[in-house]
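S.K.: Compute the structure for the input listed below.
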Amino acid sequence: MAGIRCVDITKRFGGFLALERVALAVDDREFVVLLGPSGCGKTTLLRIIAGLERQDAGEVWIGERRVDGLAPRARGIAMVFQNYAVFPHMTVFENIAFGLRMRRVPEEEVRRTVAWAAELLHIESQLDKYTGQLSGGQRQRVAVARALAVRPEVLLMDEPLSNLDALLRLEMRAELKRILAESRTTTLYVTHDQVEAMSLADRIAVMEQGRIVQYDTPLEIYRNPATVFVGSFIGSPPMNFLEAVREAPGRYRVDRLVLAGPAEAPARLLCGIRPEDLAPTEATAALVGRVVVVEPLGSHQLVSVEGEGFRLRAALASDRPIRPGETLRLAPRHDRVRWFDPESGQRLTP
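M.R.: Next comes the predicted model:
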C-alpha cells in the first residue's frame with residue numbers, strides 16, 4: 001500500500017480555475033473523503049490523481065513515486081465510478097477477474113483472488129450470474145470487488161453510492177467501511193453527501209471553489225468549522241449564524257444573551273451555534289422568538305424560530321410538545337459557541 005501526496009495542483013478549463021494550488025496528503029491505509037458541492041473541483045482532483053486529467057501545475061505522488069507523468073495503468077491505482085462500469089456481457093466472475101487477466105496473472109491465482117474478493121463483498125453466490133441479472137447494490141459490489149482484486153496501492157472512488165436508493169446506500173455505506181478496513185487499502189473517496197463523509201472518513205477534505213478550506217477528522221470539522229462555509233455545509237440542519245454586537249472587550253450581545261467572545265475582534269461578529277446545542281430555558285438572558293415551523297423527527301423535533309433580527313433552527317427533545325405560534329426562550333451551550341469574522345468568514349479563537 002502507499003499514501004497519496006498532491007503538491008500545489010492547479011487546473012484550468014479555459015478561463016475557469018477549477019483547482020488552485022491544492023495540497024493534499026493521504027496517509028498509507030487511510031480513508032480520506034473529498035467533500036464539497038457540485039463544481040468545487042473534487043472530481044477533477046480525483047481524475048488528476050488517476051491520470052484521467054492532466055494538471056496545469058503541481059505534482060502527484062503515490063508512495064515514493066512521482067506519477068503525474070505516468071499512464072493510469074502504471075500508477076498502481078484502481079477506480080470505482082459512479083455508474084459502476086461493470087461489463088454486462090460478462091459474468092460476475094469474469095468482471096472481477098478482468099483486471100487480473102489483463103495483467104496476465106496465472107489462472108490459478110485469478111481464481112483464488114476472485115474468490116477472496118467475492119467473499120469480502122459477500123457476492124460469492126453470484127459469480128456465475130451476468131451483471132444484468134443483479135440489483136444496483138450487487139453491481140456496485142462487483143465494481144468494488146473488481147477494483148480490490150488487482151490489489152491496488154490506492155483505491156479512488158467517485159460518488160460510488162449516489163445511484164442507490166436511500167436504504168441501500170445506508171447498507172452499502174456500512175459494508176464499504178467494513179470492506180476497506182479489512183482490505184487495508186488507501187482510499188480517496190469523492191462525495192457531496194456530508195452524512196456519507198462523516199460516517200466513512202478517517203479525515204475529510206472540505207472543498208470550496210477549487211480549494212481545500214479545511215482538512216481534519218469528521219468530529220473536529222463538525223465541532224470547529226474553519227469557515228462559515230464549512231459550518232453551513234456540514235450538519236443537517238446546518239449551523240445557525242447570528243449577528244453579535246460587542247458590548248465590552250470580549251463580551252458580545254446576541255438578542256438578550258451576552259456571551260464571552262474573542263478579546264480582539266471587530267465590533268460585529270457572527271455567532272455560530274449548532275441546532276442541537278440549543279435548549280429551552282426560563283432565564284431572562286435568552287434567544288427569544290416565535291415558533292414558525294415544527295418538524296417532528298421521532299427522536300427529536302426540529303423547530304424553526306424567528307426572533308428580533310434573527311432566524312434559527314433548534315433540535316429539541318420530543319418529550320415536550322412545541323406548537324407553531326408559541327414563544328420560545330432558548331439558550332446555547334456556551335462551550336459549543338463558535339465565532340466568525342463576517343467579512344472573511346474565518347473562525348476566530350476566543
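
S.K.: Show me the helices in the chain, by range?
M.R.: Along the chain, counting by DSSP state H, helices occupy 42-50, 92-102, 107-120, 136-149, 166-183, 194-200, 218-223, 228-233.

S.K.: Confidence-wise, which helix or strand of the chain is lowest on average?
M.R.: helix 166-183 (a mean of 82; mean pLDDT, DSSP states H and E).

S.K.: Distance to Leu312 and mean neighbour count for the helices of the chain - can I get that in CSV?
M.R.: Backbone N, C-alpha and C define where each C-beta goes, glycine included. Below are the helices of the chain laid out as CSV (distance: least, Cβ to Cβ, whole Å; neighbours: other Cβ atoms under 10 Å):
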stretch, distance to Leu312, mean neighbour count
helix 42-50, 30, 23
helix 92-102, 50, 20
helix 107-120, 46, 16
helix 136-149, 38, 24
helix 166-183, 27, 15
helix 194-200, 20, 20
helix 218-223, 18, 17
helix 228-233, 13, 21
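
S.K.: Quick one: those helices as JSON lines, columns for distance to Val32 too.
M.R.: JSON lines is the format used below for those (distance: least, Cβ to Cβ, whole Å):
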{"stretch": "helix 42-50", "distance to Val32": "11"}
{"stretch": "helix 92-102", "distance to Val32": "23"}
{"stretch": "helix 107-120", "distance to Val32": "21"}
{"stretch": "helix 136-149", "distance to Val32": "16"}
{"stretch": "helix 166-183", "distance to Val32": "11"}
{"stretch": "helix 194-200", "distance to Val32": "10"}
{"stretch": "helix 218-223", "distance to Val32": "11"}
{"stretch": "helix 228-233", "distance to Val32": "16"}
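
S.K.: Would you map out the domains in this protein?
M.R.: 4-226, 237-348 (automatic domain parsing).

S.K.: out of the ones you listed, deepest packed?
M.R.: Among those, domain 4-226 has the highest mean neighbour count (mean count of other Cβ atoms under 10 Å), at a mean of 18.

S.K.: what about that one, how long is it end to end?
M.R.: End-to-end distance for domain 4-226: 24 Å, by Cα to Cα, to the nearest Å.

S.K.: and the gap between Ala85 and Arg139?
M.R.: Look at Ala85 and Arg139: by Cβ to Cβ, to the nearest Å, they are 10 Å apart.

S.K.: quick one: contacts for Leu19?
M.R.: 9-11, 41, 44-45, 48, 55, 210-211 (Cβ atoms under 8 Å, 6 or more residues apart in numbering).

S.K.: How about Val305?
M.R.: Contacts of Val305 by Cβ under 8 Å, 6+ apart are 287, 289-292, 311-314, 328, 330.

S.K.: try Pro37
M.R.: 192, 208, 233.

S.K.: at 6 Å instead, please
M.R.: Contact analysis of Pro37 by Cβ atoms under 6 Å, 6 or more residues apart in numbering lists His192.

S.K.: Which pLDDT value goes with it?
M.R.: Here the pLDDT value assigned to Pro37 is 93.

S.K.: Filter the contacts of Val305 down to the ones in strands?
M.R.: 287, 289-292, 311-314, 328, 330 (DSSP state E).

S.K.: separation between Ser304 and Tyr222?
M.R.: Taking Cβ to Cβ, one finds Ser304 at 21 Å from Tyr222.

S.K.: Could you do His300 as well?
M.R.: In terms of Cβ to Cβ, His300 sits 17 Å off from Tyr222.

S.K.: Where does the prediction get shaky in this protein?
M.R.: For the chain, residues meeting the criterion pLDDT under 70 lie at 1.

S.K.: Centre-most residue in it?
M.R.: Residue closest to the mean C-alpha point of the chain, counted by Cα atoms, centre = their mean, is Ala197 at 3.0 Å.

S.K.: any idea how far that one lies from Met172?
M.R.: 15 Å.

S.K.: ditto for Ala117
M.R.: Applying Cβ to Cβ to Ala117 and Met172 gives a distance of 16 Å.

S.K.: swap in Tyr222?
M.R.: Taking Cβ to Cβ, one finds Tyr222 at 23 Å from Met172.

S.K.: residues near Thr227, how many?
M.R.: 18 (other Cβ atoms under 10 Å).

S.K.: wait, what's in contact with it?
M.R.: 213, 345-346.

S.K.: What's opposite it in the beta bridge?
M.R.: Beta-bridge pairing of Thr227 under DSSP bridges involves Gln346.

S.K.: what comes into contact with stretch 3-18?
M.R.: 19, 21-22, 24-28, 41, 44, 55-62, 154, 210.

S.K.: If we use 8 Å, what do you get?
M.R.: So stretch 3-18 is in contact with 19-28, 30, 41, 44-45, 48-49, 53, 55-63, 154, 186, 188, 210, going by Cβ under 8 Å, 6+ apart.

S.K.: roughly how far is that stretch from the heart of the chain?
M.R.: Relative to the centre of its chain, stretch 3-18 is centred 20 Å away, using Cα atoms, centre = their mean, to the nearest Å.

S.K.: how near is the residue nearest to Gly99 when sequence neighbours are not counted to Ala283?
M.R.: Distance criterion Cβ to Cβ, 6 or more residues apart in numbering; nearest residue to Gly99, sequence neighbours excluded, is Val150 at 4.3 Å. Using Cβ to Cβ, Val150 is found at 62 Å from Ala283.
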